[in-house]
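A.B. asks: with the input below, show me the fold.
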Amino acid sequence: MAQFSEVTRIEAAIKNKSAKELEWSLWYCRMRQAVPSERPAAVKYWNGIEALVKEAMAPPVAAKVYPARKKKPNRGLGLGPEES
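C.D. replies: You can find the predicted model right below:
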């Protein structure tokens, strides 16, 4: 069975991270959840797809950078300061 064009369009938007298509996908997911005649399983499906779209829209989380301790001078292998 072939997928509906809307589902294919949403999957392509998530894959390509196209901002305009992701906005449309979010609108479409919310519209499908708001239909009063939808079955509970379909609402749950579109809720999951909406979460995927939101995840794709969110900016990537930057890795936390911890400050490095400054090393004290002449504290290497215990040889003391080098004399030239």
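A.B. asks: use CA for all of it now, contacts and neighbours both
C.D. replies: Will do.
A.B. asks: what packs against the longest helix belonging to the chain?
C.D. replies: Looking across the chain with DSSP state H, the single longest helix is helix 40-57. Counting by 3 or more CA pairs under 8 Å, 6 or more residues apart in numbering; DSSP states H and E, the packing neighbours recorded for helix 40-57 are helix 5-16, helix 19-34.
A.B. asks: the shortest one: which residues count as buried?
C.D. replies: Within helix 5-16, the residues that qualify as buried are 10-11, 13-14, counting by 16 or more other CA atoms under 10 Å.
A.B. asks: with the longest one instead?
C.D. replies: Within helix 19-34, the residues that qualify as buried are 21-22, 24-26, 28-30, 32-33, counting by 16+ other CA under 10 Å.
A.B. asks: got the angle between the longest helix of the chain and helix 19-34?
C.D. replies: In terms of direction (axes from the mean of the first three to the mean of the last three CA atoms, to 10 degrees), helix 40-57 departs from helix 19-34 by 160 degrees.
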